[in-house]
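Kindly return the folded structure for what I paste below:
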Amino acid sequence: MIGRFEIAQQRQLLALLLVLSASHAPAAQVISPAPEIFAPGVISTAAHEAAPAFSRDGNTVYFQRSSAVQSTILVSHRVSEGWSQPEIAPFSGQWNDMEPTMAPDGKSLVFISDRPVQSGGKAIKSFFQGNEHIGGNLWRIRRTDSGWSPPEHLSAVVNFNTTIFAPSVVTDGSLYFMSWNTQTNHFQLFRSQYHDGVFSVPVPPSFSDGQTSDVDPAVAPDESFMVFGSGRVPKRSMDLFIAFKQNGAWSEPLWMGDTVNSPGSDAEPRLSPDLKTLYFSSERTLPIAFPRSPEQAKADLARLQSWDNGNYNIWTVPLKPWIDAHPGAEPINARAAKN
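Down below sits the predicted model:
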């Protein structure tokens, strides 16, 4: 669904097969500004990029850069002119690593990897749609005085198979993620409660019943709302939806419209630390008008070679219109101040 590497290509194909079986979701009446590309040529490049995970102060970002055969987590820092050239994160590079997510307190980071669970073992594999794919399990690192701790494989309660992807951590340490439902043959969202250092058996949110693929949950620290990707109607490919929690129950997901969503795949949503900005990955490209001047042709070619080539790039759009349009929603500035 999100063009990260092989798993993304498989999910994109899956999304195209879901049109007839997808469940319906209402579209929110929200006027959203057009998304903007994030750090073009530096973070968003000619490769696939997704899943930015920011430090609490917003000055450091971890994200994945991938192709059809590899995926690595990189790190970049805010500098006076924008963002520094990304480098391989100290915990990544040996195996296929992807989808980092920062805990709200900034003290730990969870990511997906196909690295072997036991030292000296082989990379894990996943199995769905009748084929073998690159596997995924949840790993966690903790911030120390000298950097990050060695990666820790999370318990078998949450790593209950080798097709676990797209984690999101909330304030109390509970985890949201996606996994393959072998009964319905769709990806489905799950939540595992964290209490006293122990994860409970994952359960799906009420709206994610496995009858259509739901992917990539990005959940507010207080669990008041989440943005996720889905193949449900009225999506055109894989589209972004938002759901709110009221009185302890999730609302019907709202389609985020055809300004946020493009005709291609839009997924891998992430929330900024202050909850004001939605980051997501998209296959969209900038429009080109023909005929064009030689100067414009050179500019278009340079942009194509830098980032604008139809691979996943990271885009941003304000969240405020969506939060403010929800009845009874707390103003986003007050919401961010509590997290």
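
gap between the closest residue to E283 other than its chain neighbours and T144?
Residue nearest to E283 in three dimensions, not counting chain neighbours: G264, with 3.6 Å by Cβ to Cβ, 6 or more residues apart in numbering. Quick note: C-beta positions are derived from backbone N, CA and C, even for glycine. According to Cβ to Cβ, to the nearest Å, G264 stands 41 Å off from T144.

More neighbours: which of the two?
The residue with more neighbours, out of G264 and T144, is G264; 17 against 10, by other Cβ atoms under 10 Å.

pLDDT wise, what is the more buried one at?
As predicted, G264 sits at a pLDDT of 91.

Tell me who's in contact with it.
S237, S282, E283, R284, G310 (Cβ atoms under 8 Å, 6 or more residues apart in numbering).

all strands for the stretch 201-339 of the chain, in order.
214-219, 225-230, 239-246, 249-250, 254-255, 266-271, 277-282, 313-318 (DSSP state E, counting those that start in this stretch).

what's the first-to-last distance across stretch 47-67?
Start to finish, the residues bounding stretch 47-67 are 6 Å apart (Cα to Cα, to the nearest Å).

Compute the distance from the centre of it to the centre of its chain.
10 Å (Cα atoms, centre = their mean, to the nearest Å).

now that stretch: mean pLDDT?
According to the model, stretch 47-67 has a mean pLDDT of 97.

swap in stretch 113-125?
In this model, stretch 113-125 has a mean pLDDT of 94.

Buried residues in that stretch, which are they?
S113, D114, R115, I124 (16 or more other Cβ atoms under 10 Å).

Which ones among these lie within strands?
Counting by DSSP state E, these place S113 in strands.

quick one: which of the buried residues of stretch 113-125 is nearest to Q70?
Distance to Q70, by Cβ to Cβ, is smallest for D114 among the buried residues of stretch 113-125, at 10.6 Å.

Who are the contact partners of that closest one?
Going by Cβ under 8 Å, 6+ apart, the list of residues near D114 reads W95, N96, A123, I124, K125, I134, G135, G136, N137.

In CSV, list these along with distance to A51.
Listed next are the contacts of D114 as CSV, based on distance: Cβ to Cβ, whole Å:
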residue, distance to A51
W95, 16
N96, 13
A123, 20
I124, 19
K125, 21
I134, 15
G135, 17
G136, 12
N137, 16
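
Show me where the stretch 1-150 of the chain has its helices.
6-16 (DSSP state H, counting those that start in this stretch).

which residue ranges form the strands in it?
Here the stretch 1-150 of the chain has its strands, by DSSP E, counting those that start in this stretch, at 36-37, 48-54, 60-66, 71-79, 82-83, 87-88, 97-102, 108-113, 125-128, 131-134, 137-144, 147-148.

re earlier: in the contacts of D114, find the pair that's most separated.
Taking Cβ to Cβ, the two most distant members of these are W95 and K125; they sit 12.4 Å apart.

check contacts around the nearest residue to S149 once chain neighbours are set aside.
Spatially, and ignoring its direct neighbours in sequence, S149 is nearest to R142 (4.4 Å; Cβ to Cβ, 6+ apart). By Cβ under 8 Å, 6+ apart, the contact set of R142 is K107, S108, W148, S149, E152.
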